[in-house]
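Undergrad: Just need the structure, nothing else, for what follows:
(4 chains)
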2 protein chains.
Amino acid sequence: MARKKPLPFDPIDEASRQWGRRWGAVEQMRAVTSLMRAQQIVIGELDDILKNHGLTFARFEALVLLTFSRRGSLPLGKMGERLQVHPTSVTSIVRRLEAAGLVTRTPHPDDGRAVLCEITTAGRELVEAATADLVAADFALHGLTDEQLKMLWTVLEPLRHSAGDFS
Amino acid sequence: MARKKPLPFDPIDEASRQWGRRWGAVEQMRAVTSLMRAQQIVIGELDDILKNHGLTFARFEALVLLTFSRRGSLPLGKMGERLQVHPTSVTSIVRRLEAAGLVTRTPHPDDGRAVLCEITTAGRELVEAATADLVAADFALHGLTDEQLKMLWTVLEPLRHSAGDFS
DNA sequence: GGTATTTAGTAGGACGTCCTAGTAGTTTGG
DNA sequence: CCAAACTACTAGGACGTCCTACTAAATACC
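TA: Reported below is the predicted structural model:
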């Protein structure tokens, strides 16, 4: 994941300097660029860890969600709501999980339109193993203090809220 | 972008509650999930704004980078370094920019392997217009104070640093 | 100088994300 | 009770990201 040759300067810092000479909203630009890059770094590391289990972070999240449900199963639509992704993304994720034998797809007993996704025993075991690895790796958030982690969440919370994720 | 029906609770908060009952690293998990979701929200809004200009944020960033260069041109490899993306991503981005007439691709005069990407007049004009829109929209970071924006950057900086982005 | 290695970029493919469109069930309202 | 509206999901495609080859050119090293 790490660049072969790290730049001798922070590219975002450098860009924000140039940005400031022409346009406004320097702090916003810098924050957004940071956010993008940090997300890219983190998901790269997480996917790297999960690759050893044949997973991606998206699929891992789906499995975790299922383990949190009472019966270990949810309709795809509910999964999309909780994971905050588009319905078609859920279809894609679940298709791959099913192919790996980690979930099963059955028609919903009470609603002919819906599909129930249920985690298998193999899925539950894999979640445990994968989670252990992620926790051991600090979720790729090396060196951030609990203070900083809370700050990150606190700063981003109103952003998520105003985007209409929840009320 | 906004969900049709926002959940009556914060899905990340809810997940972290359940997570805490089984596994550790609750703060990390919550921070990571926040980061992922916030990035998704922000890039969604930015792409939405840029769609009016026939751009995406990735392509916008590439154009901005070119306007920051002395001659308005850079070899693809340099662009990848500065944008912190894989070489093949640069190829993809530049191909689309070229198709839109926003950049030209010419062989590098001093290095037969390299390709020089140069922004066109149309490209420069588009960057100005698109930037104005993004700035007007606060880069989709509605309501975050300068304090919070700085905090975001500050918290994420060491993460980027330790990933080897720069030294 | 001539070969070996490194470097720049492209080709093709996997994945996750979104979108639009379409199908098949369910619910609503007259 | 039947048609209209809505809902759950799938199909197919665009985009950006990464990866693994692969080609061609430049550089290093005998």
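Undergrad: is DNA strand C contacted by stretch A:32-42?
TA: No - if you take C-beta under 7 Å from any atom of the strand as the test, stretch A:32-42 misses DNA strand C, and the best it gets is 11.1 Å. Where C-beta positions appear, they are placed from N, C-alpha and C, glycine not excepted.
Undergrad: And the residue sitting furthest away from the middle of chain A, how close does it get to residue B:149?
TA: What lies farthest from the middle of chain A is residue A:21; by C-alpha atoms, centre = their mean that is 35.3 Å. Separation of residue A:21 from residue B:149 (C-beta to C-beta, to the nearest Å): 19 Å.
Undergrad: And for residue A:15?
TA: Counting by C-beta to C-beta, the gap from residue A:15 to residue B:149 is 15 Å.
Undergrad: Which one of these two is surrounded by more residues?
TA: Per other C-beta atoms under 10 Å in any protein chain shown, whichever of residue A:15 and residue B:149 has more neighbours is residue B:149, with 23 against 20.
Undergrad: Quick one: mean pLDDT for the one helix or strand the more buried one maps to?
TA: According to DSSP states H and E, residue B:149 maps onto helix B:146-162. Averaged over helix B:146-162, pLDDT sits at 94.
Undergrad: any residues touching that helix, and which ones?
TA: A:10, A:12, A:27-28, A:30-31, A:34-35, A:37-38, A:41-42, A:141-144, A:148, A:151-152, A:155-156, B:141, B:144, B:166-167 (C-beta atoms under 8 Å, 6 or more residues apart in numbering or on different chains).
Undergrad: Give the helix, strand or coil label for the residue of chain A found nearest DNA strand C.
TA: Of all residues in chain A, residue A:112 sits closest to DNA strand C, at 2.5 Å by C-beta to the nearest atom of the strand. Under DSSP: H, G, I helix; E, B strand; the rest coil, the three-state class of residue A:112 is coil.
Undergrad: Around DNA strand C, which positions in chain A sit nearby?
TA: By C-beta under 7 Å from any atom of the strand, the residues of chain A that approach DNA strand C are A:56, A:58-59, A:84-86, A:88-89, A:92-93, A:96, A:111-113.
Undergrad: Now narrow those residues to whatever sits close to chain B.
TA: residue A:84 (C-beta under 8 Å from any C-beta of the partner chain).
Undergrad: Pull out the buried residues from the residues of chain A next to DNA strand C.
TA: Buried members of the residues of chain A next to DNA strand C, scored by 16 or more other C-beta atoms under 10 Å in any protein chain shown, are A:56, A:58, A:59, A:84, A:85, A:93, A:96.
Undergrad: so can I have a markdown table of those residues showing secondary structure?
TA: Formatted as a markdown table, these follow (three-state DSSP):
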| residue | secondary structure |
| --- | --- |
| A:56 | coil |
| A:58 | helix |
| A:59 | helix |
| A:84 | coil |
| A:85 | coil |
| A:93 | helix |
| A:96 | helix |
